[in-house]
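Asks: sequence first, then the predicted structure:
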Amino acid sequence: MAEERRPKQCTVVLPTESMKAMAESIGVGQLQEESCAALSEEVSYRIKDIAQDALKFMHHGKRCKLTTSDIDHALKLKNVEPLYGFQSQEFIPFRFASGGGRELHFYEEKEVDLSDIINTPLPRVPLDVSLKAHWFSIEGVQPAIPENPPPAPKEQQKTESTEPLKAVKPGQEEEGAIQKGQGATSAEAKGQFGLKPPLGKKDGLMRMKPRSTHELSVEQQLYYKEITEACVGSCEAKRAEALQSIATDPGLYQMLPRFSTFISEGVRVNVVQNNLALLIYLMRMVKALMDNPTLYLEKYLHELIPAVVTCIVSKQLCLRPDVDNHWALRDFAARLMAQSCKTFSTTTNNIQSRITKTFTKSWLDDKTQWTTRYGCIAGLSELGPDVIKTLILPRLTVEGARIKAVSDGPVVSNIDKIGADHVQSLLLKHCASVIAKARPLPDNVEQYRADYGYLGPMLCSHVVKARAQAALQAQQVNRTTLTITQPRPTLTVSQSGIGGSGGSRTPSIIKVPSSLTLMSTRPGTPTQPSPPATKYIVMATSSGSSSTQQVLWTAVLTATGKGDPELPLLQRISSLELPASEIARRL
Amino acid sequence: MAAVQDGQLNLEVEKDIKTEITNDGSGNINASSSSPGSTSSGGKSKSPAGSGEDQQTLLAVLQFLKRNKLTESVDILRREAGLSADADDSPVSESAGAGSGGVPSVGADGGDANSLLSRVSIATPVAPPATAPPKVVAASGGEDQPDVNVVLSAYSQQGDPVLYPLYYNGLKKFIESVLDCHRAELSQVFYPLFVHMYLELVYNNHENEAKQFFEKFSGDQECYYEEDLRILSSMSKKEHMKGNETMLDFRTSKFVLRISRDSYQLLKRHLQERQNNQIWNIIQEHLYIDIFDGMPRSKSQIDAMSGSLAGEGKRDANKAKVFYGLLKEPEIEVPLDDEDEEAENEEGKPKKKKPKKDSMGSKSKKQDPNAPQQTRIPLPELKDSDKLDKIMNMKEATKKIRLGPDNLPSICFYSFLNAYQGLTAVDFTDDSSLIAGGFADSTVRVWSVTPKKLRRVKSAADLSNIDKESDDVLERIMDEKTASESKILYGHSGPVYGISFSPDRNYLLSSSEDGTVRLWSLQTFTCLVGYKGHNYPVWDTQFSPYGYYFISGGHDRVARLWATDHYQPLRMFAGHLADITCTRFHPNSNYVATGSADRTIRLWDVLTGNCVRILTGHKGPIHSLAFSPNGKFMASGATDGRVLLWDVGHGLMVGELKGHTDTIYALKFSRDGEILASGSMDNTVKLWDTLKAFDDVELDDFTAATGHIHLPENSQELLLGTYMTKSTPVIHLHFTRRNLLLAAGAYNP
């Protein structure tokens, strides 16, 4: 790897276009190409030189992140006037502009009216430094208290669950990784530090997986009790708090088995009793567990998946199927299922294909009830447009005929009719967007009828709508590329839809401080029919100054992942967020 | 700035050097031949060498120097005077060759190389006094502004730039084809050769060739040189070389290689056969080859020692005797009453305590043979309060927990909250009652971690009202109104990078980016002195274990030894080739260790100011040092995430502890030295079994003599525990007198 990087190091030079742009900005109009080249080399050298000095200050400041003050100090070393006035923000928002055949990234400096600054209320004084002591280890054992990290980090949980025989002592694990890394690079890098025991010398011994005990401390037991009670209790505020805790607390690893048992038992009991509310609460717990970045659920899927699938396809989930909105629960659970397929499906456990098989089988069964049928279709369609294309579209005609039979035929039962209605709207919702993408343009009603039978005409109008929406979005996307870093004084605008899978993706793209909760509609409330490519405008407030509500970042996210036109854009944005030290290292 | 006409410039440059160096040379003669009248010869030699008379004088000088075996000076003089080897062939038969002057003819080549060999072999057996190496380095590297032109001019010799890769490749092929046992040793030549060839190309304005050369061969270099390579790679023009510190380091100091005689012969023969002058010249001019007799070293042995900016330390640099033993503790009558009172509380204890106390007493009575003389450096006299503290210390020591692999210490972690990444330094007092933090916002904060609050002494007006005869006068002088848990000290104008309590807890030292070291009183919480001397950031400072003295080191590459009552330093330790990043006193206060960004550790004698040890082996800037309590061993941690253990007496590396993944900022031995704790940027504290580490090392006479040590393969057996913080880099560690480990760092949400 080092070899790949080095040639680059040698040649990284600022582009001559930048030199031109800078020259123009100070009033030098025509700069010779040669002078540009000479300048850019000189400037690159000086910048590298300064960056290397700045790194010294970073190291002595005991930080991993290069700050603007480090650069100031490095300039001072060289007897150069420092660039006063730069603040170290989390990231510096570069704007991108193109035109006249040039592409530039620049930092926008706005003119600020002094009176504005004077008139704004003073920000809250930051908290003063304080000292806090805790027991880090007691006679060699680290106590499980909130100040200490959870006993097993997510990576370790993952390796434990996927490679059960490779469990090693926690202390030795890192070393193992390092040695492996060395072994890999040594072929090229001439065995950097020389000393390395032959690989597998240790691993060669068959290691039995140590029995892991999940003893809970008294505090943990109390916590578990409180949380589970709040999750299924009647107070909504408490529940929100409890779910938030499940989704964010880093120390839940040891309680995970209890939670998963709690959920699976809970679903089993409440399905029989048709207690819709409790089922919804339990599903929200599943969601919260999945959202927790420190937990790796693989080991507990055998309990969680049956519970979730039950909530998708069960014949009856509530006491009054004609009135209660159990459809939302099915939708929500289906989304959860899709999410876990995405996260945990491997070639070994094959979750996605097994789930798909289960859904298809019961859907194909003629005797299946409308409720189950709805669940199966919802579950399948959440798995993505490919699944819809291959599994659902071919069956539209058959399904259409079945719906027609119910709605046109003699009124047997109201329940069947409602079920058929829901299935119909579900199919229309999911299929329209897929068809809109796959089918060539002229949307002919007759053609649709021929292709999709009873549902054809309705599909046709939905497809037309979906296309119109897509066009509108495309426009918006163009607009947002320009305004992407514009601070806007308004707060969150959510056009429509539910947080489902979109919410879980956001942390990787933009930094969402803990103070900001994402817009996520409760699964209990009825969902509006929404086209899959719904948009979110998520705005992060800077975590420190909650009072000033200064909006730093606006980004457009889409609810579905694949094939979005915005995706490359988002990647571009996120790539700008490199830590400064990284940038310095690349220099 | 740009070089206008190279030829002219070079000419001028060379003239400059000639005048300068010849002056130097003649000065030398004056001193050694002690003939006061010869000053005129200096004046004469100012005119360019060439007239017969001058030539004569020079030759005479050369001969004199040679007779006195001052081979270094001979070479320098000859080079600068522009004398080619054949010019003095006639007067001196066993001439030491000078490869650089002109291009020697093919016929003279063999003789040239031979003479070089003779020079090297002369150089090795004559062990210069231990003081020589640092002096040499100090003279060349320690100057404030070494004339860049002088430094660079040696590169003005021209070779065909196209041939450079061929030369290098030829050598590479040769080294790859030699026997395995020699290959590792000879491979050491690659890196310095590469660097100097590259610099030569750059200096002679062969920019593209230099770039190509770099791209082609930089991948072959050992990965631990990556940092330096990055700096080199950014230097692609001659103008860049001016003022570049790394470049100056390469030029002003010879890269030291240790090669066995056999391997060296091989290399020499090869270069002779190929008549590869370019490489020969570089080896002669810029490399110092330390030849030893015996088995060639293995790859792992070499790798363990290499990595520093200027190669390994010369063997004779580590030969000086170091008195690493501890000073005799002054005998203090321990009031027995207290002891007995406590002993009565628990039965069975007195039996244990008695022998322990005895052993302590006997230890202090017997003079350690390795210890320096008690009065080798003057130490402050003990005050009554110091004696009281000593008594407390001994009492506490009796309650000390004996640590070991089965008995790990408890760790208490002090997290700094809301520090906003601004915590830069931490220190605890020896009795663990106070903790101080240095911050990036230029403040120093002191906390009391005991219930006893921090109080200021009353103002002078109030003090005059106090009854000075009363028993509790020490209580009365304190101003109760100012009691608080923490105090902030303002005074610095830059981030505070180093901080240290005095052993008597009356003073606090802090060093900062603003170039000053400040002494604060912990009675009045005001600044007493600002020590100015370093003009650049001062990275670290530390009080001597006996107080009074302190050491500081910083970006200016010079460590300074101060006494608190002198505003100017008592000693300046020059020799490091890059920033001094950390400084530590030896427990007996007679020595000072400094770690540097040039990846070496140097041990300095406080009395003489000499460098007595150069320890190489780290692959990154060294950020932490710790002496074992018995003074015999030292541990060092660097950005490469490795801890190295050193035997101070022998100047040898005795262990390598791998496990950390980031810079190690904190190292501390337990009070009895059984356990080493290391804290790192990777948010972990690790405990290592040092007893075992030091026991495992077999030191026979041979390894002690040659310094070729076989390190134990696996440091994992020494690892006793790893403790991870949530998100707090560990930047300081401290063992209390009862062997409780305290760790500190800023929580980094």
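Replies: Arrived safely.

Asks: near chain B, which residues of the stretch 201-350 of chain A?
Replies: A:P250 (CB under 8 Å from any CB of the partner chain). Every C-beta, even on glycine, is put in place using the N, C-alpha and C of the backbone.

Asks: point out where the stretch 201-350 of chain A drops to low pLDDT.
Replies: The model of the stretch 201-350 of chain A has pLDDT under 70 over residues A:201-215.

Asks: what residue in it comes nearest to chain B?
Replies: A:P250 (7.5 Å; CB to the nearest CB).

Asks: now do the contacts for B:Y288.
Replies: Residues counted as contacts of B:Y288 (CB atoms under 8 Å, 6 or more residues apart in numbering or on different chains) are B:254-257, B:311, B:314.

Asks: among those, which are in strands?
Replies: By the criterion of DSSP state E, membership of those in strands covers B:255-257.

Asks: export the residues you listed to TSV and tack on pLDDT, neighbour count and distance to B:R297?
Replies: TSV is the format used below for these (pLDDT from 0 to 100; neighbours: other CB atoms under 10 Å in any protein chain shown; distance: CB to CB, whole Å):
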residue	pLDDT	neighbour count	distance to B:R297
B:F255	84	24	17
B:V256	84	23	14
B:L257	84	23	11
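
Asks: leaving out sequence neighbours, find the closest residue to whatever residue of the stretch 401-550 of chain B ends up closest to chain A.
Replies: Nearest residue of the stretch 401-550 of chain B to chain A: B:L408, at 3.2 Å (CB to the nearest CB). Among residues not flanking B:L408 along the chain, A:G140 sits closest, at 3.2 Å (CB to CB, 6 or more residues apart in numbering or on different chains).

Asks: what about A:I388, how many residues nearby?
Replies: Per other CB atoms under 10 Å in any protein chain shown, the neighbour tally for A:I388 reads 22.

Asks: could you check the pLDDT of it?
Replies: What the model reports for A:I388 is a pLDDT of 85.

Asks: contacts only, for it.
Replies: Contacts for A:I388 (CB under 8 Å, 6+ apart) come out as A:380-381, A:430-431, A:434.

Asks: please repeat the previous calculation with a cut-off of 10 Å.
Replies: A:377, A:380-382, A:427, A:430-431, A:433-435, A:438, A:532 (CB atoms under 10 Å, 6 or more residues apart in numbering or on different chains).

Asks: for the residue of the stretch 151-300 of chain B found nearest chain A, give me phi and psi.
Replies: Relative to chain A, the nearest point of the stretch 151-300 of chain B is B:S300 (3.8 Å; CB to the nearest CB). Main-chain dihedrals, B:S300, degrees, to the nearest 10: phi -70, psi -30.

Asks: correct me if wrong: it contacts B:A184.
Replies: Yes: B:S300 is in contact with B:A184 according to CB atoms under 10 Å; the separation is 8.5 Å.

Asks: which of those two has more neighbours?
Replies: Neighbour count, other CB under 10 Å: between B:S300 and B:A184, B:A184 has more, with 20 against 17.

Asks: could you confirm whether the helix or strand containing the more buried one reaches chain A?
Replies: Assigned by DSSP states H and E, B:A184 belongs to helix B:180-187. Yes: counting by CB under 10 Å from any CB of the partner chain, chain A has neighbours in helix B:180-187: B:184, B:187.

Asks: please apply the same query to stretch B:253-271.
Replies: No: using CB under 10 Å from any CB, stretch B:253-271 stays clear of chain A, coming no nearer than 15.5 Å.

Asks: sec struct for the residue of the stretch 201-350 of chain A closest to chain B, please.
Replies: The local conformation at A:P250, judged by DSSP: H, G, I helix; E, B strand; the rest coil, is coil.

Asks: contact partners for it?
Replies: Applying CB under 10 Å, 6+ apart, the residues near A:P250 are A:146, A:149-150, A:153-154, A:292-295, B:726-727.

Asks: for B:M235, same thing?
Replies: A:45, A:48-49, B:198-199, B:202-203, B:210, B:214, B:241, B:244, B:246-247.

Asks: recalculate using a threshold of 8 Å.
Replies: Neighbour list for B:M235: A:45, B:199, B:202, B:241, B:244, B:247 [criterion: CB under 8 Å, 6+ apart].

Asks: any idea how far B:H492 is from it?
Replies: Distance of B:M235 to B:H492, computed by CB to CB, to the nearest Å: 34 Å.

Asks: same deal with B:R642?
Replies: Plainly put, B:R642 is 32 Å away from B:H492 if you go by CB to CB.

Asks: then A:A237?
Replies: 49 Å.

Asks: what ranges do the helices span in the stretch 551-700 of chain B?
Replies: Applying DSSP state H, counting those that start in this stretch to the stretch 551-700 of chain B gives helices spanning B:690-696.

Asks: residue ranges with poor pLDDT in it?
Replies: Within the stretch 551-700 of chain B, the ranges that satisfy pLDDT under 70 run B:697-700.

Asks: repeat for the stretch 1-150 of chain B
Replies: Applying pLDDT under 70 to the stretch 1-150 of chain B flags residues B:1-56, B:64, B:67-69, B:71, B:79-150.

Asks: which one of the contacts of A:P250 is nearest B:D293?
Replies: Ranked by distance to B:D293 (CB to CB), these are led by A:P153 at 52.7 Å.

Asks: which bits of the stretch 601-749 of chain B sit near chain A?
Replies: Residues of the stretch 601-749 of chain B lying near chain A by CB under 8 Å from any CB: B:619, B:621, B:623, B:639, B:642, B:656, B:658-659, B:661-663, B:665, B:681, B:685-686, B:711, B:713-714, B:716, B:719-726, B:729, B:731, B:741, B:743, B:746.

Asks: and those residues, which are buried?
Replies: Neighbour-count burial (16 or more other CB atoms under 10 Å in any protein chain shown) applied to these gives B:619, B:621, B:623, B:639, B:642, B:656, B:658-659, B:663, B:665, B:681, B:685-686, B:711, B:714, B:716, B:719-726, B:729, B:731, B:741, B:743, B:746.

Asks: just the strands in chain A please.
Replies: Under the criterion DSSP E, chain A contains strands at A:94-99, A:102-107, A:130-137, A:493-494, A:535-541, A:551-558.
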